[in-house]
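Peer 1: curious how this folds, go ahead:
(one chain, ligands or ions: 2)
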Amino acid sequence: MSCELCGGGDMWIKTCLTTEGSRLLVCDPCYEEHSSILVIVPGDRVVMARCDYCWCYGNPREFVEVSPGGRKNAYSGTCAACASEEGS
Ligand SMILES: [Zn+2]
Ligand SMILES: [Zn+2]
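Peer 2: Ligands and ions are numbered 1, 2, ... in the order given. All right, here's what the predicted structure looks like:
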């Protein structure tokens, strides 16, 4: 999975629609650069992570440790709140 604009990207690449209606996989920086012509496809690939400790769902970017393969294709890991509790 890589960005169709720059060839880079990461595991959280977005699926977007251009104003012409074609689908494009783009990374965050490319999305920001072209956000005026790109619309994120809602629900196409829901990227969610579930915390192993409190079971909350959230953005995997905000999680301290994430790994794919959680329930319903979600990532599982430790949310920021639990991670800071654990570390103190
Ligand atoms: Zn890119
Ligand atoms: Zn948590």
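
Peer 1: write out the residues of the chain neighbouring ligand 2.
Peer 2: 51, 53-54, 79, 82 (C-beta under 5 Å from the ion). C-beta here means a position set from N, CA and C on the backbone, and glycine is covered the same way.

Peer 1: next step: those restricted to helices.
Peer 2: Using DSSP state H, the members of these that fall within helices are residue 82.

Peer 1: out of the residues of the chain next to ligand 2, list just those in strands.
Peer 2: Mapping those onto strands (DSSP state E) picks out residue 51.

Peer 1: from the residues of the chain next to ligand 2, which is closest to ligand 1?
Peer 2: For these, the minimum distance to ligand 1 (C-beta to the ion) is 27.0 Å, reached by residue 79.

Peer 1: check the gap between the nearest residue to that closest one once chain neighbours are set aside and residue 76 for me.
Peer 2: Leaving aside its sequence neighbours, residue 79 sits nearest to residue 51 (C-beta to C-beta, 6 or more residues apart in numbering; 3.9 Å). Taken as C-beta to C-beta, to the nearest Å, the spacing of residue 51 relative to residue 76 amounts to 8 Å.

Peer 1: next, count neighbours for residue 32.
Peer 2: Here the number of neighbours of residue 32 (other C-beta atoms under 10 Å) works out to 10.
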